[in-house]
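Participant: Return a 3D structure for these sequence lines:
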Amino acid sequence: MSPSPGPRLVVVGASLAGLRAAEAARDAGHTGPVTLVGAEAHLPYDRPPLSKAFLDDPEAPDVRFRTEEHLHDELGVDLVLGEPSTGLDADAREVVVGDRRIGYDALVVATGARARTLPGDLAGVHTLRTLDDARAVRAALDAGARTVVVGAGFIGSEVASGARKRGLPATIVEALPVPLVRAVGEQMGAALSRLHETNGTDLRCGVGVDGLEGGGRVTGVRLADGTVLPADLVVAGIGATPDTGWLEGSGVGLDNGILADETLRTDLPGVYAAGDVVNWVNPLFSELPTGGRMRIEHWTSAAEQGARAARNALDPDAARPYETVPYFWSDWYGSRIQFVGVPRADEIRVVSGSPEDGRFVALYRTGDRLTGALTLERRADVMKYRVRIGRRTSWTDALAFAEERNAAAVAAR
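Facilitator: The predicted structure follows:
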């Protein structure tokens, strides 16, 4: 009798998290079958460049993580691409993909999130979530499109930056009075919005969109105040929702994503979740009012969660919690914005530089603990604060550390 090939690992979502899950399984010595299911026909690719280098560089970069030959021959992964999963039969331990059922012993769900869209079906109106989206937006910018971005979040701001780099007119429409309130807080959202004004982007806050104009192709954006903004390209940067519709009725807990514990385990046997789709308990922030429960759409966390979820799914008796200090970055007009930690805070204080100068460090306090740090063009600082957030540094010690860094910088001049 031949030996058992080992448990069947199925990963749904050919994303960064999904790829890292497959790679981690092999790195951990898993010799059983690994199946990677993806809704897009593309091989797993890197998403952050889609709104950065893919729009800005003279030549669009190759954003694929791995070749098909590497995935198939080196990793031994069975690829099922170009068709989304449509259901999960937890009792039979099967994932439904079209008319096919794929059995699993361990399952990692990494289906990510779907971009919210604007109503209507006009050519020239896009989101920026997928490789196909990025190709369409880049083509429009290359053709000299007048650009209107709906939503002043990070991706929308990067699109506006790409337009301005080409010397094209760009307008951002934001329904809230201040951009990025949930991402970095009201005070820092206002500080970052200075970059738009400085670089010639027309930022209009506190006004909603009533509709789009055009016959077949978009020609303008109609605002709630009656203004019509001419547009050849409209990009909806109004956030994303977890891709969980296919899991309705499966028995898995859903609430702003897939509910999971600190090990990324769901309430279904053998099912774990990772990446943008998972709403898990981060032990590092368990004493905060949310109890540490969070869902984040960050590259670093997706990569780490995918690997941890696969290892935990294949060896649940040795499962380890996933604890992290969230980190993201965004590039606007040649400036680097970086954030670590969580944005909800009792106090936000600029401890170095100033928003007016376009270079600063701002720290976030919750209770008596450092829980976040935002930097603009201070790349050497952000990871030092990330380490201190991970150590649960007190607010007093964080301020003292900031003073030490400021004094050292003055002495070095």
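
Participant: For the residue nearest to Arg379 when sequence neighbours are not counted, name its beta-bridge partners.
Facilitator: Closest residue in space to Arg379, ignoring its immediate chain neighbours: Arg336 at 5.9 Å, by Cβ to Cβ, 6 or more residues apart in numbering. Just so you know, the C-beta spots here come from the backbone N, C-alpha and C atoms, and that holds for glycine as well. Using DSSP bridges, the bridge partners assigned to Arg336 are Asp331.

Participant: Against Gly390, how distant is Arg336?
Facilitator: Distance of Arg336 to Gly390, given as Cβ to Cβ, to the nearest Å: 21 Å.

Participant: One more: Val11?
Facilitator: 28 Å.

Participant: higher neighbour count, these two?
Facilitator: It is Val11, of Val11 and Gly390, that has more neighbours when counted by other Cβ atoms under 10 Å, with 33 against 14.

Participant: Correct me if wrong, but Leu168 is in a helix.
Facilitator: No: under DSSP: H, G, I helix; E, B strand; the rest coil, Leu168 falls outside any helix and is assigned coil.

Participant: just checking, it touches Ala143?
Facilitator: No: using Cβ atoms under 8 Å, Leu168 is not in contact with Ala143, being 9.8 Å away.

Participant: These two: which has the busier surroundings?
Facilitator: Set Leu168 next to Ala143 and count neighbours by other Cβ under 10 Å: Leu168 wins out with 18 against 10.

Participant: Enumerate every residue touching that one.
Facilitator: Applying Cβ atoms under 8 Å, 6 or more residues apart in numbering to Leu168 gives the contacts Leu141, Gly144, Ala145, Arg146, Thr147.

Participant: All the strands of the stretch 51-200 of the chain, in order from the start?
Facilitator: 77-81, 87-89, 94-97, 100-103, 106-109, 113-115, 125-126, 147-150, 170-174 (DSSP state E, counting those that start in this stretch).

Participant: show me the contacts for Leu71.
Facilitator: When contacts are counted by Cβ under 8 Å, 6+ apart, Leu71 is found next to Ala22, Leu36, Leu43, Pro44, Val77, Leu79.

Participant: Look up how far Leu223 lies from the residue nearest to Pro177 when sequence neighbours are not counted.
Facilitator: Leaving aside its sequence neighbours, Pro177 sits nearest to Gly206 (Cβ to Cβ, 6+ apart; 4.6 Å). Using Cβ to Cβ, Gly206 is found at 11 Å from Leu223.

Participant: the more surrounded of these two?
Facilitator: Ranked by neighbour count (other Cβ under 10 Å), Gly206 and Leu223 place Leu223 first, with 19 against 12.

Participant: What is the burial count for the closest residue in space to the more buried one that isn't next to it in sequence?
Facilitator: Leaving aside its chain neighbours, Leu223 sits nearest to Val207 (5.2 Å; criterion: Cβ to Cβ, 6+ apart). Val207: 15 surrounding residues under other Cβ under 10 Å.

Participant: Am I right that Val207 falls within a helix?
Facilitator: No: using three-state DSSP, the secondary structure at Val207 is coil, not a helix.

Participant: Local confidence estimate at it?
Facilitator: Val207 carries a pLDDT value of 96.

Participant: One more: Arg413?
Facilitator: Looking at Arg413, its pLDDT is 74.

Participant: Could you do Glu304 as well?
Facilitator: Taking Glu304 on its own, its pLDDT is 97.

Participant: quick one: which helix or strand includes it?
Facilitator: helix 299-314 (DSSP states H and E).

Participant: In terms of secondary structure, what does that helix contact?
Facilitator: For helix 299-314, the elements it packs on are strand 9-12, helix 16-27, strand 106-109, strand 271-273, strand 278-281, strand 327-332, judged by 3 or more Cβ pairs under 8 Å, 6 or more residues apart in numbering; DSSP states H and E.

Participant: Would you mind giving those as a markdown table with mean pLDDT added?
Facilitator: Listed next are these as a markdown table, based on pLDDT from 0 to 100:
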| stretch | mean pLDDT |
| --- | --- |
| strand 9-12 | 98 |
| helix 16-27 | 97 |
| strand 106-109 | 98 |
| strand 271-273 | 98 |
| strand 278-281 | 98 |
| strand 327-332 | 95 |
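
Participant: Enumerate every residue touching the most centrally placed residue in the chain.
Facilitator: The centroid of the chain falls nearest to Glu297 when counting by Cα atoms, centre = their mean (3.0 Å). For Glu297, the contact set (Cβ under 8 Å, 6+ apart) comprises Ala113, Ala240, Asp276.

Participant: isn't Ala309 right up against Thr266?
Facilitator: No: taking contacts as Cβ under 8 Å, Ala309 lies outside contact range of Thr266: 10.0 Å.

Participant: shared neighbours of those two, which are they?
Facilitator: Tyr272, Ala273.

Participant: So which of these two has more stuff around it?
Facilitator: It is Ala309, of Ala309 and Thr266, that has more neighbours when counted by other Cβ under 10 Å, with 36 against 25.

Participant: got the contact list for the more buried one?
Facilitator: Ala17, Ala21, Val108, Ala110, Leu264, Tyr272, Ala273, Ala274, Val278, Tyr322.

Participant: Can you get me a residue count around the second one?
Facilitator: Around Ala21 there are 34 other residues, counting by other Cβ under 10 Å.

Participant: Distance check, it against Ala402.
Facilitator: 38 Å.

Participant: do the same with the first one
Facilitator: Between Ala17 and Ala402 the distance is 34 Å, computed by Cβ to Cβ.

Participant: same deal with the fourth one?
Facilitator: Here the distance between Ala110 and Ala402 works out to 37 Å (Cβ to Cβ).

Participant: Comparing those two, which residue is more hemmed in?
Facilitator: The neighbour comparison of Ala110 against Ala402 (other Cβ under 10 Å) goes to Ala110, with 33 against 21.

Participant: Now the more buried one. Nearest residue, chain neighbours left out?
Facilitator: In space, and not counting its chain neighbours, Ala110 is closest to Gly13: 3.4 Å by Cβ to Cβ, 6+ apart.
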